[in-house]
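[1] one predicted model, sequence on top.
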Amino acid sequence: GDSVTQMEGPVTLSEEAFLTINCTYTATGYPSLFWYVQYPGEGLQLLLKATKADDKGSNKGFEATYRKETTSFHLEKGSVQVSDSAVYFCALSDRGGTSYDKVIFGPGTSLSVIP
Amino acid sequence: GAVVSQHPSRVICKSGTSVKIECRSLDFQATTMFWYRQFPKQSLMLMATSNEGSKATYEQGVEKDKFLINHASLTLSTLTVTSAHPEDSSFYICSNSEAFFGQGTRLTVV
């Protein structure tokens, strides 16, 4: 079945460092790809998404590009802040018609940014 | 975006009692909603798919008699944990079919 793999961390960076979190996926179809962020004790926030090959999702300085040839969706940010400390989940979902199916998650990557 | 509101955010209950969790899709009519469970420091695993006006579909290993799902309208799905036990303590979170998630519910059974 479909699956998502991502670097598990924990990742510790200094403020203003460059961030990359690698994510690769396996899918039989042509899924949409997502990055979610979970702050301690909270739910999931959709950070960005991409629905087709070469699409770039971006939000709050984070970016990820849907690479079908390498089945990847790596998350990047040029300069992290302490407030970016959270767990980041790469995920996929098939879209059938007007709605998404279940979301399949990677294991999550814990990021800590130190001042 | 399609906002999802989940309530309560935290609940503590005694072993043997039942707890109901509500999930509302506020600006999107969702014929399908999803319930997930997350153990500490782990990822989210799908428990069941909630279908408006019909029975829920449960993932393998999830007891449908223990985790009762009702989806009576296009905007509300509920998950009831029946006869809760300490091993049911977990973080439960729902989503609508636009891949937006609620705030989650931290259930602690004592």
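    Arrived safely, thanks for sending.
[2] where do the strands sit along chain B?
    With DSSP state E, the ranges of strands along chain B come out as B:4-7, B:10-13, B:19-25, B:32-38, B:44-51, B:57-58, B:67-70, B:76-81, B:90-96, B:105-109.
[3] how far away from the center of its chain is the fifth one?
    Strand B:44-51 sits 8 Å away from the centroid of its parent chain (C-alpha atoms, centre = their mean, to the nearest Å).
[4] tell me the strands beside it, with direction?
    With DSSP bridges as the test, strand B:44-51 is paired with strand B:32-38 (antiparallel), strand B:57-58 (antiparallel).
[5] mind putting those strands into a markdown table with mean neighbour count and mean pLDDT?
    Backbone N, C-alpha and C define where each C-beta goes, glycine included. What follows is these, written out as a markdown table (neighbours: other C-beta atoms under 10 Å in any protein chain shown; pLDDT from 0 to 100):
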| stretch | mean neighbour count | mean pLDDT |
| --- | --- | --- |
| strand B:32-38 | 24 | 95 |
| strand B:57-58 | 17 | 96 |
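[6] residue contacts, residue 85?
    Picking chain A for this. A:Leu111, A:Ser112, A:Val113 (C-beta atoms under 8 Å, 6 or more residues apart in numbering or on different chains).
[7] could you do chain B instead?
    Contacts of B:His85 (C-beta under 8 Å, 6+ apart): B:Ser15, B:Gly16, B:Val109.
[8] from what I see, the second one and B:Ala84 are in contact.
    Yes - using C-beta atoms under 8 Å, B:Gly16 is in contact with B:Ala84, at 7.1 Å.
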